[in-house]
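Q: Whatever this is, show me its structure:
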Amino acid sequence: MPELAILGSVAALSYGWIMIHRLVKVHNYEATTINSMSMFFGGLLALITSWCFESAAPMENMGSFLAILAVVVVVSNLVCHNLYVSLLKIYSPTLLSFASFLSPLFAAFYGWVFLHEPTPWSFWFTAACVLMGLALFYYDELYGNSEKSFWPFKRHATPAQ
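A: Modelled structure (predicted):
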């Protein structure tokens, strides 16, 4: 059953990025407006869910917790999320979702560089596959219908949504 919940959350996240892309491209909403509304309502739903399913967690050092929480909120929500929404003006949600496969690869790479964690050959193989797929997908977004495209078929132009 947890697998179905994860699958549902992935589908909802992908659909959300498609809707945000539509708000940015078609309705010309600002990235900060979309970010603030999605963070507010997402946080409200998370708070309601935590009240229903979790018990209160004891805090030993409230000051350091609030400082770390503030840094995480500023970096993640204010900087990264606004950047992601701004990138939706230029790139498709599919490309940006595919680029998110780089996150665990960077985590493993930084663990290898800074913490000297062992990385198996499968990590390097996966990193090469993801980078190659990302390069092909990006190249197709740039030159998909042009003469520079190396694909044996041409995509049909679809009306803007």
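Q: by contact count, what packs against the lowest-mean-pLDDT helix or strand in the chain?
A: Least confident helix or strand, the chain: helix 93-99 with a mean of 78, by mean pLDDT, DSSP states H and E. If contacts are counted by 3 or more C-beta pairs under 8 Å, 6 or more residues apart in numbering; DSSP states H and E, helix 93-99 sits against helix 2-25, helix 121-143. Every C-beta, even on glycine, is put in place using the N, C-alpha and C of the backbone.
Q: got those helices as JSON lines, with distance to A108 columns?
A: Below are those laid out as JSON lines (distance: least, C-beta to C-beta, whole Å):
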{"stretch": "helix 2-25", "distance to A108": "20"}
{"stretch": "helix 121-143", "distance to A108": "5"}
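Q: In CSV: the ones you listed, plus mean pLDDT, mean neighbour count and distance to T49.
A: As requested, these are exported to CSV (pLDDT from 0 to 100; neighbours: other C-beta atoms under 10 Å; distance: least, C-beta to C-beta, whole Å):
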stretch, mean pLDDT, mean neighbour count, distance to T49
helix 2-25, 81, 13, 12
helix 121-143, 83, 13, 32
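Q: how about those, which one is nearest L87?
A: helix 2-25 (9.5 Å; C-beta to C-beta).
Q: And for the closest one, what's in contact with it?
A: 29, 31, 34, 38, 85, 88-89, 92-93, 96-97, 160-161 (C-beta atoms under 8 Å, 6 or more residues apart in numbering).
Q: Domain map for this protein?
A: Residue ranges for each domain of the chain read 1-88, 101-161, as given by automatic domain parsing.
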